[in-house]
Every structure is written in structure tokens, then in C-alpha cells.
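Q: Show me how the following folds:
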Amino acid sequence: MIFKKDNLKLGLILGLIGPVVGLVVIYFIKFNALSFSDFFNLFINTNRLITSIGSLSLIANVLLFTIYINTHRDNTAKGIFLVTLVYGIGILLLKLLN
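A: From the prediction side, this is the model:
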């Protein structure tokens, strides 16, 4: 099972996938009246949405990180944490440059 491995590469991959899944979930829950491309353009171009949706999409990584820390799979948790930092910095830069 995927939760049994302790591997930095796995953490990096899970960290990349988590926020994307979170973004898709937010789209289906709140913005399903729009096409996904319209939703994504709205997200990228609206400062208020960059902060709120960006933060909510990172909750997926928080869940993954918590699972791996609590099961003492620290290398995988490190990968998830590193990618979460990159996403967070990217969201901050997007907000500042928008």
C-alpha cells in the first residue's frame, strides 16, 4: 500500500498531486457552473480567490503530511512539506504579482 512506503520521491509526488486534487474538489463543490478553464482563469486573476482557494487546496497536503508524520514515515513527510512550501511561495508570488 502507498501509505506504507517511506521515500522522499514519493513525498514529492504526493505533494505535487495533493493540491491539484484539492483544487479539483473545490471546483466541483463551489464552482461547477463554470467550465474548469474559466474557473482556473478566475482563480489566477482574482487576488481574493488566489488566497482563499490556494490555501484550501493545500489542505490536501496537510492531510497527507499528518498521515505520514503520525505513522513515522518522515522521509515521505519531508517531501510533502517541501512541495507544500513551494506551492505556498508560488501562491504568495502570484498574489503579489497579480
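Q: rest of the way, CA atoms for contacts and neighbours
A: Will do.
Q: now S35: how far from N45?
A: 15 Å (CA to CA, to the nearest Å).
Q: Please apply the same query to V83.
A: From V83 to N45 the distance is 23 Å (CA to CA).
Q: Which residue of those two possesses the greater neighbour count?
A: Each of V83 and N45 has its neighbours counted (other CA atoms under 10 Å); V83 has more, 21 against 14.
Q: those helices in the protein, which residues are they?
A: Applying DSSP state H to the chain gives helices spanning 8-30, 36-45, 47-57, 59-70, 74-97.
Q: Please give the centre-to-centre distance between the longest one and its chain.
A: Spelled out, it's helix 74-97. Distance of helix 74-97 from the chain centroid (CA atoms, centre = their mean, to the nearest Å) equals 8 Å.
Q: Quick one: list the elements packing against that helix.
A: In terms of contacts (3 or more CA pairs under 8 Å, 6 or more residues apart in numbering; DSSP states H and E), helix 74-97 is packed against helix 8-30, helix 47-57, helix 59-70.
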